[in-house]
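Visitor: Predicted model follows, preceded by the sequence.
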Amino acid sequence: MSTRTQTNFAVLQHHDEQLLHLGMLAERYFADDPNTSLLKLRQLTELLAQMLAARTGLYTSSEEKQYDLLRRLQDSRILPREIFQMFNEVRRSGNAASHALSNDHSSALSALKLTWQLGLWFHRTFKDPGYR
């Protein structure tokens, strides 16, 4: 069994290798360094939001702040409220990891679960609506 199939983020391989790589790193660092795990999850969701914007014709710049992009995607009815909230929670956790050096396993586990759900939502939305 390959390493790629042993990750909870394997479905992202269908969309972008960098998404898969960031998910695998977040899982790998979780036990020893939850802060780094949170940072990788934040990076993954930023890239996922940019890809979502690009696929829907709403991408403007990699310089756009994550919150502004998420708000724009929600206002354009691309992001359902629940999905916006999941993106925003990972964003906030990533900020805490970056600025406050948060090293909390509970936050990292929650962000891992949310990011996994976001990856599934993205896959179902753009590749396979019936994916289980």
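Guide: Good, I have the coordinates. Numbering: from 1, shown residues only.

Visitor: which residues touch the spatially most central residue of the chain?
Guide: Relative to the mean C-alpha position of the chain, the nearest C-alpha, by C-alpha atoms, centre = their mean, is the one of Thr45, at 2.6 Å. Thr45 makes contact with Gln66, Phe87, Val90, Arg91, Gly94, Thr115, Leu118, according to C-beta atoms under 8 Å, 6 or more residues apart in numbering. The C-beta positions use only the backbone N, C-alpha and C, and glycine is treated the same way.

Visitor: change it to 6 Å
Guide: When contacts are counted by C-beta atoms under 6 Å, 6 or more residues apart in numbering, Thr45 touches Phe87, Val90, Thr115.

Visitor: Could you list which of the residues you listed belong to helices?
Guide: Using DSSP state H to define helices, the subset of those located there is Phe87, Val90, Thr115.

Visitor: This protein: helices as residue ranges?
Guide: Assigned helices in the chain, in chain order: 17-30, 34-55, 66-75, 81-99, 105-126 (criterion: DSSP H).

Visitor: how much does the second one deviate in direction from helix 17-30?
Guide: Angle of helix 34-55 versus helix 17-30, following axes from the mean of the first three to the mean of the last three C-alpha atoms, to 10 degrees, is 160 degrees.

Visitor: if we take the contacts of Thr45, which one ends up nearest to Tyr29?
Guide: Closest to Tyr29 out of these is Thr115 (13.2 Å), distances taken as C-beta to C-beta.

Visitor: Pretty sure that closest one sits against Leu41.
Guide: Yes: assessed by C-beta atoms under 6 Å, Thr115 is found in contact with Leu41 at 4.8 Å.
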